[in-house]
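Trainee: Predicted model and sequence below, questions to follow.
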Amino acid sequence: MISLIPIALVVALASAAVAVVFGQVLSRSVVASYAAIAAFGLAGLAAGGGVVALCFVIVGLLSFLLLQLFGWMLVDVDHDHLPAPTLARTGAQAVVLAIFAAGLALLGRRAFRAGELVAPSATGDRSAGFDPAALGAFLFGGHGELAMLLGCLLAAALLTALSLLRDEGGDAG
Amino acid sequence: MTNALDGPAWLVLGSMALFWIGLLGLFWRRNLVGMLVGLGLAWASVAGLAMAAGLLQSDAEQAVGAGVLALCAALVGFLQVAVGLSLVVARVSRRGSIDVEEARLLEG
């Protein structure tokens, strides 16, 4: 039986992705962010977070409420009012999205190799403890070179995107 | 799906993924308010990670400390959004645009 926590986390991550990638309309983006915070808080509550998880949800929702209220003052909530993206910018964004998606896929793939994260206890019960050293090994051990390569690729992609976003000789507006 | 991860471990992984998505939003969006949404999600993941760290502690005192850290992280994120919004409001009142491309340089 699949527990509530991974389901809530999947909902939270999907909502966050919707808020970021498909959130050209401010209202849609903020509502998806509300859903992400609520689902993450639900996962925290299900994991035993208690009052901390509740406070997390309240403060998180207040942050996005602030964004929504001021966003209504600043932009037309039905339109982004930005010029159409150029081919170069779309290409740079596609590269960035591909690298971020690869990072998420790697994280998910490693997550399902669960034995690497859980330290076996003396009685052999693998769910009894969570080894912090295993988390470090999970992130950097064994595949440290891959993590470094991904970091370099990410930095290169971001620099490329930023350089493409600059206009040659444009005003300093 | 068989998985031996417990709740806090799931939260750690979820926080990492949420931070990744928030960072993507920061670099993906060209709208300054949209960038703040990404930044808010990234900060929420930091608070979530601190919450998960508290759940991983077996010592009650350390668990309370991690809970306080999570609350502080959430509050700092809230204040960061507030300060960012004030900058965006000042920017819009001065330039009338929320396009990040028109805010390339810091001006004194």
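Mentor: Everything's here; your move.
Trainee: Chain B: helices as residue ranges?
Mentor: For chain B, the helices defined by DSSP state H occupy B:7-28, B:32-56, B:60-95.
Trainee: can you put those in TSV and add mean neighbour count and distance to A:A94?
Mentor: No exception for glycine: its C-beta is placed from N, CA and C like everyone else's. Listed next are the helices of chain B as TSV, based on neighbours: other CB atoms under 10 Å in any protein chain shown; distance: least, CB to CB, whole Å:
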stretch	mean neighbour count	distance to A:A94
helix B:7-28	24	11
helix B:32-56	25	18
helix B:60-95	16	27
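Trainee: hang on, A:V95 packs against A:A157?
Mentor: Yes: A:V95 is within contact range of A:A157, at 4.9 Å (criterion: CB atoms under 8 Å).
Trainee: Looking at those two, which has the bigger crowd around it?
Mentor: Using other CB atoms under 10 Å in any protein chain shown as the criterion, A:V95 and A:A157 rank with A:A157 on top: 20 against 17.
Trainee: Tell me the predicted confidence for the more buried one.
Mentor: You'll see A:A157 listed with a pLDDT of 71.
Trainee: Could you do A:A35 as well?
Mentor: pLDDT for A:A35: 93.
Trainee: Doesn't it lie inside a helix?
Mentor: Yes: per DSSP: H, G, I helix; E, B strand; the rest coil, A:A35 lies within a helix segment.
Trainee: Please verify my assumption that it contacts A:S15.
Mentor: Yes: in terms of CB under 8 Å, A:A35 counts as a neighbour of A:S15; the distance is 3.9 Å.
Trainee: Pick out whichever of these two has more residues nearby.
Mentor: Shown here are A:A35 and A:S15; by other CB under 10 Å, A:S15 has more neighbours (23 against 17).
Trainee: what about the more buried one, which helix or strand?
Mentor: Here A:S15 is covered by helix A:4-21, with elements defined by DSSP states H and E.
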